[in-house]
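Asks: predicted model and sequence follow; I will ask about them next.
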Amino acid sequence: MGPGPQVGQGADGGMGFLISMGPFILMFLIMYFLLIRPQQKRQRAHQEMLNALKNGDRVVTGGGLIGTVAGMKTDIVTLKIADNVRVEVQRSAITKVLNEEAKETKE
């Protein structure tokens, strides 16, 4: 005689699926808190920095140019990098405001 039918086999199959998916869910949560969430915080802080730009701020661009904000449009910032030398860059190309660093080191 062979083995008889198992009672409740369907319920165990569903629970087994959840248990086998547990490590994947745990890995996703770890990735979220270690990678995705900090990146979102950095993006939010960068956007706030760009929104707070004003004429006269010394800034650094992604290409390494250091200049003073001489004018702003919606997405374009005009930087004065030397006497009689002005460059237009996209607002998103600005990576750092140097004025804030100078204030923090003095305090």
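Replies: That came through, no problem.
Asks: I'd assumed residue 87 was in contact with residue 76.
Replies: No. Counting by C-beta atoms under 8 Å, residue 76 does not reach residue 87; the two are 10.4 Å apart. From N, CA and C alone the C-beta is placed, and that goes for glycine too.
Asks: counting neighbours, go ahead and name the busier of the two.
Replies: residue 87 (15 against 12; other C-beta atoms under 10 Å).
Asks: does residue 50 really touch residue 96, like I thought?
Replies: No. Using C-beta under 8 Å, residue 50 is not in contact with residue 96; the gap is 10.9 Å.
Asks: what's in contact with the longest helix along the chain?
Replies: Using DSSP state H, we find that the single longest helix of the chain is helix 9-31. Here helix 9-31 makes contact (C-beta atoms under 8 Å, 6 or more residues apart in numbering) with no residue beyond itself.
Asks: what distance separates that helix from the centre of its chain?
Replies: Centroid displacement of helix 9-31 relative to its chain, using C-alpha atoms, centre = their mean, to the nearest Å, is 30 Å.
Asks: which SSE is immediately downstream of that helix?
Replies: Once the chain leaves helix 9-31, the next helix or strand it forms, by DSSP states H and E, is helix 37-51.
Asks: tell me which residues in the longest helix of the chain are buried?
Replies: Residues of helix 9-31 classed as buried by neighbour count (16 or more other C-beta atoms under 10 Å): none.
Asks: give me the mean pLDDT for it.
Replies: Helix 9-31 shows a mean pLDDT of 80.
Asks: that one to helix 37-51, inter-axis angle?
Replies: Calculated by axes from the mean of the first three to the mean of the last three C-alpha atoms, to 10 degrees, helix 9-31 forms an angle of 40 degrees with helix 37-51.
Asks: got the domain ranges for this protein?
Replies: 10-51, 55-106 (automatic domain parsing).
Asks: point out the most buried one among those domains.
Replies: Mean neighbour counts were compared across these using mean count of other C-beta atoms under 10 Å; the top stretch is domain 55-106, at a mean of 13.
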